[in-house]
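> for reference, the sequence and a predicted model appear below.
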Amino acid sequence: METQNFASQSGNGTHATAAIMAADSPILELKGLEKQYFGTHALKPTDLAFKAGEIHAIVGENGAGKSTLIKLLTGVIPRTGGDVYWRGEPVALGTPIEAIKHGINAVHQEVVLCPHLSVAANIFLGEEHLRFGLLRHRNMVRDAQKILDDLGFDLPAHATLSDLTIGQQQLIATARAATRGARFLIFDEPTAYLTRKEGMQLFALIRRMQANGVTIVYISHRMEEVFELADRVSVLRDGTLVGTRDIADTNENELIAMMINRSIEQIYHKDSFEFGNPILETRNLSGKGFENISLTVREGEIVGLYGLIGAGRSEFVTTVFGRYPKSSGSILWKGEEVNIRREKDAIKLGIALAPESRRDQGLCLSLPVSLNLNLPVYPKLSRGGIISKSKESAQADRQIADLRIKTSTRSASAASLSGGNQQKIVIGKWLNHGAKLFIFDEPTVGVDVGTKAEIYRLFSALLSQGAGIILISSYLPEVYELADKLHVFRRGEMVASHQFKSASHEDILTKALGSAPANPILSGES
Amino acid sequence: MSVDTKEPVISPKKRYNILFGLTLLALLLVLWLILGLSTTTFWTTNNIANLLRQGAMIAILAVGQTFVIITGGIDLSVGAIAGFASTIVALLLANGFPIWAAVLITLGIGLGIGLFHGFGIVKMGLPPFIITLATLTSLRGIGLLITNGATISINNDEFTNFSRNDFLGVPNLFWMVILVGIPAYILLQHTRWGRYLFSVGSNAEASRLSGVNVNRTIYLAYTLSAVCASFVGILLATRIGVGNPTQAEGWELQAIASSVIGGTSLFGAVGSVQGPLLGAFILATINNGANLLNVNSFWQRVITGVLIIVIVYFDQLRRRRK
């Protein structure tokens, strides 16, 4: 079968027709494709064939290797082994430009466009309309408007991109890829920031592109979307391709079992502790991005904050931590009202924050592991400002051993570590600090399952010492299984609170999504 | 003793830094050797003393500059501050101030300029490039306004003799490098504020969330740089015997070049004290040698440019391969 298809393809030559006619032949085929970082596999050798014109969903937990796969296919990172065949021809995919030249494009969850430029300029970025070497501004705006109108997007082509919502920008990014002769388009969690209407527009656009012969790879962890859109689905777990199914031959339970492959109890190890006195209490706390949040964290308790990205959870905790000023309300620490103006005040009280983004907020990547681990405790490691080198090294070595951080030496740069080990630094730097309240903001994003389990065990160790924990997660099973009390956030407000496992997943999800869920299917059926 | 290496006692990174320092030192010695062999005038007490004096001032500027570059910033104003400080100290001496008072006041003005830079960056949110560029042009202007364009000569022999005199056979100006270099080294490598300079340069937000006072760290870097620059201005006044706000023109670029040759990364979070010191003396040697060899002084500038590219390129190659 395959040889026949290849023969017909090379015989007829024109790409577009080949793609549509040879609908069952692989347009892109991976053979033993792999990616290693410093000896650790981010993606183990993978064989996968994408059929021309299909919508192929890829599902998997955070850290399963989805983003690695996208980056390999779009030429953002080089592979360390295996081959990739584009229409039967081996390709290097060494640079993004090469991938785009073949027609491989990606629409990322976070929009990668130029926010200061106009919509039209973004759509034609790199392929500007020129006359005598000069830009044809009006021409481009007109064409861009036509593209947007044709797609049914009610958006002005002359507007500055940053004036649009993230969801609208996402649509622009999609439109941009669609107009560039993309033959193979990868969507990475595209609906995360979209409203319901925008989600429906996006789905319509995807189907339309499929009808035009474009092959779509759709990455999501929303099962309903996968079953609504996809023809086939592949499951990744811990950097391994577990399997590929026709959507008609599978169901949600099977996919979840493939994604996890272990009982939930095994991962979410939870010990229960007697709750002690309140550590932190907020009363009607408001600030940038959240309003009227009242909650209490007691000794030995995990308080979970669940919601979609942008629901105000991170803003709430960073404000408690003194990063941003509160606008009203009060914060009580061990029953007494406190004024936290700076991070230092919070740290002095005994609050530790492991922030959401390792790269942007958590680590000094270019600097040694030991410096990163010791950054909050240098005042304790020094006398009159002079650092005791022996204390510094000993402290770092102890942390590395306690947390089982895999690193060649303590002076290796943080950038040389795997994501899981980097996360251990972000968390670990607070452990010997005598903190009483630990705030973990998405602590297991991009972390392998083994590290996850270690992080959860760490929670127990902290609780047993009488600490309290605020756990933020966008991954419902995590907060659901771990939190003694679960607060649901939506658009900066706390919309529901539940005791440990007192509500169903569906209830919580509905609350988090609100009356207008981002997911068109959910609302379509209910 | 066997030579084969077993467990590495020091990390590859540290070893690389030591290797890089030794390479610079070797380059400096090779330059000196070549110049010693090719000219009769290089290895004379006079010339070496002269070279050390000339290199000393750029070296001190480069140390201050390095603090700023490590935080990911840049200080374009150091040449202008040096020129301005030379004018101030000359004016104070001409008005009968004792030396110690004139020096302290001038250093205090440097401190004030540094604090102003910190204020502009932290409170006004201006990019370091902009605020220090503004100081560069306006300080020269203020100096000219104060002096009405005139050069202030210094008649205080005690003051001007300082730069001519030696201590233990080494020019006083070179001792000043050591006077600045050792505390700078201790600050950068052995105090927590040194660690914070690096951490802010690597990731200011992560540092802030770890409880580091990022603003204070930025104030510290720019204040150190400005104080170093005003100190250089005083040394310049002792050496030339006049104060003139247009002196030390382009020295900021020589300071940045010395720092970069010495292994400082303009992206921040990478740098040392010894590297920029060596860098400054390599530049001073090239200038000195070119003079002795009767190389057109225009070529000296070209050579400096080429040298920057070559050294930084090799450094980049090594880092990338790692």
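Arrived safely. Numbering: from 1, shown residues only, chains lettered A, B, ... in the order given.
> leaving out chain neighbours, which residue sits closest to A:Thr318?
Counting by Cβ to Cβ, 6 or more residues apart in numbering or on different chains, the nearest residue to A:Thr318 once its immediate chain neighbours are dropped is A:Tyr324, at 6.0 Å. Bear in mind the C-beta positions are built from the backbone N, C-alpha and C, glycine included.
> which residue does the stretch 201-322 of chain B have closest to chain A?
B:Ser202 (3.5 Å; Cβ to the nearest Cβ).
> near chain B, which residues of chain A are found?
A:318, A:321, A:323, A:342-344, A:347, A:353, A:355, A:360-368, A:371, A:374-376, A:378-379, A:381-382, A:385-387, A:389, A:408-413, A:429 (Cβ under 8 Å from any Cβ of the partner chain).
> can you turn the buried part of those residues into a PyMOL selection?
Remark: buried members of the residues of chain A next to chain B, expressed as a PyMOL selection using 16 or more other Cβ atoms under 10 Å in any protein chain shown:
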select buried, chain A and resi 318+321+323+342+343+344+347+353+355+361+362+363+364+365+366+367+368+371+374+375+376+378+381+382+387+409+410+411+412+413+429
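> of the residues of chain A next to chain B, which belong to strands?
A:353, A:382, A:386-387 (DSSP state E).
> low-confidence ranges, chain A, go.
Scanning chain A with the threshold set as pLDDT under 70 gives A:1-24, A:38-39, A:61-63, A:109-111, A:192-193, A:221, A:260-267, A:446, A:448-449, A:514-526.
> the same query, at a cut-off of 50, please.
A:1-23, A:515-526 (pLDDT under 50).
> kindly state the domain boundaries assigned to it.
A:117-172, A:358-433 (automatic domain parsing).
> looking at those, which is buried most?
Of the domains of chain A, the one with the most neighbours on average (mean count of other Cβ atoms under 10 Å in any protein chain shown) is domain A:358-433, at a mean of 20.
> first-to-last residue distance for that domain?
Length of domain A:358-433, first residue to last, Cα to Cα, to the nearest Å: 19 Å.
> spell out which parts of the stretch 101-250 of chain B neighbour chain A.
Counting by Cβ under 8 Å from any Cβ, the stretch 101-250 of chain B sits next to chain A at B:186, B:190-193, B:195-196, B:198-199, B:202-203, B:205-213.
> surely A:Ser366 touches B:Ser202?
Yes - under the contact definition of Cβ atoms under 8 Å, A:Ser366 touches B:Ser202, with a separation of 4.9 Å.
> shared neighbours, the two?
Residues touching both A:Ser366 and B:Ser202 (Cβ atoms under 8 Å, 6 or more residues apart in numbering or on different chains) are B:Ala269.
> quick one on the thing from earlier: can I get the ones in strands among the residues of chain A next to chain B in a markdown table with distance to B:Thr40?
Formatted as a markdown table, these follow (distance: Cβ to Cβ, whole Å):
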| residue | distance to B:Thr40 |
| --- | --- |
| A:Leu353 | 67 |
| A:Ser382 | 52 |
| A:Ile386 | 48 |
| A:Ile387 | 49 |
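> looking at the stretch 51-200 of chain A, which residue is nearest chain B?
Nearest residue of the stretch 51-200 of chain A to chain B: A:Pro78, at 13.9 Å (Cβ to the nearest Cβ).
> which residues does that residue contact?
By Cβ under 8 Å, 6+ apart, A:Pro78 lies in contact with A:Gly94.
> kindly recompute the last result at 10 Å.
Under the criterion of Cβ atoms under 10 Å, 6 or more residues apart in numbering or on different chains, the neighbours of A:Pro78 are A:35, A:71-72, A:92-95.
> buried subset of those residues?
Among these, those scoring as buried are A:35, A:71-72, A:93 (criterion: 16+ other Cβ under 10 Å).
> wait, is the residue of the stretch 51-200 of chain A closest to chain B part of a helix?
No - read with DSSP: H, G, I helix; E, B strand; the rest coil, A:Pro78 is coil and lies in no helix.
> and it, backbone torsions?
Main-chain dihedrals, A:Pro78, degrees, to the nearest 10: phi -80, psi 150.
> kindly report the same for A:Pro355.
phi -70, psi 170.
> my read: it touches A:Ser314, true?
Yes - between A:Pro355 and A:Ser314 there is a contact at 7.9 Å, judged by Cβ atoms under 10 Å.
> spit out the residues that contact the two alike.
A:323, A:361, A:439, A:441-442, A:472.
> just put the residues you listed in JSON lines and tack on distance to B:Ile303.
Below are those laid out as JSON lines (distance: Cβ to Cβ, whole Å):
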{"residue": "A:Arg323", "distance to B:Ile303": "49"}
{"residue": "A:Gln361", "distance to B:Ile303": "44"}
{"residue": "A:Ile439", "distance to B:Ile303": "55"}
{"residue": "A:Asp441", "distance to B:Ile303": "53"}
{"residue": "A:Glu442", "distance to B:Ile303": "53"}
{"residue": "A:Ile472", "distance to B:Ile303": "57"}
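> from the buried ones among the contacts of A:Pro78, which land in strands?
A:Lys35.
> in helices, which of the buried ones among the contacts of A:Pro78 fall?
Those of the buried ones among the contacts of A:Pro78 mapping onto helices are A:71-72, per DSSP state H.
> in JSON lines, list the buried ones among the contacts of A:Pro78 along with distance to B:Gly169.
JSON lines is the format used below for those (distance: Cβ to Cβ, whole Å):
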{"residue": "A:Lys35", "distance to B:Gly169": "61"}
{"residue": "A:Lys71", "distance to B:Gly169": "62"}
{"residue": "A:Leu72", "distance to B:Gly169": "64"}
{"residue": "A:Leu93", "distance to B:Gly169": "65"}
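> roughly how far out does the helix or strand where A:Ala461 lies sit from the chain middle?
Counting by DSSP states H and E, the element that carries A:Ala461 is helix A:449-464. Put simply, helix A:449-464 sits 21 Å off its chain's centre (Cα atoms, centre = their mean, to the nearest Å).
> so what secondary structure elements neighbour that helix?
Secondary-structure packing of helix A:449-464 (3 or more Cβ pairs under 10 Å, 6 or more residues apart in numbering or on different chains; DSSP states H and E): helix A:264-267, strand A:302-306, helix A:419-428, strand A:437-441, strand A:468-473, helix A:476-482.
> so which of the ones you listed is nearest A:Ser330?
strand A:437-441 (16.1 Å; Cβ to Cβ).
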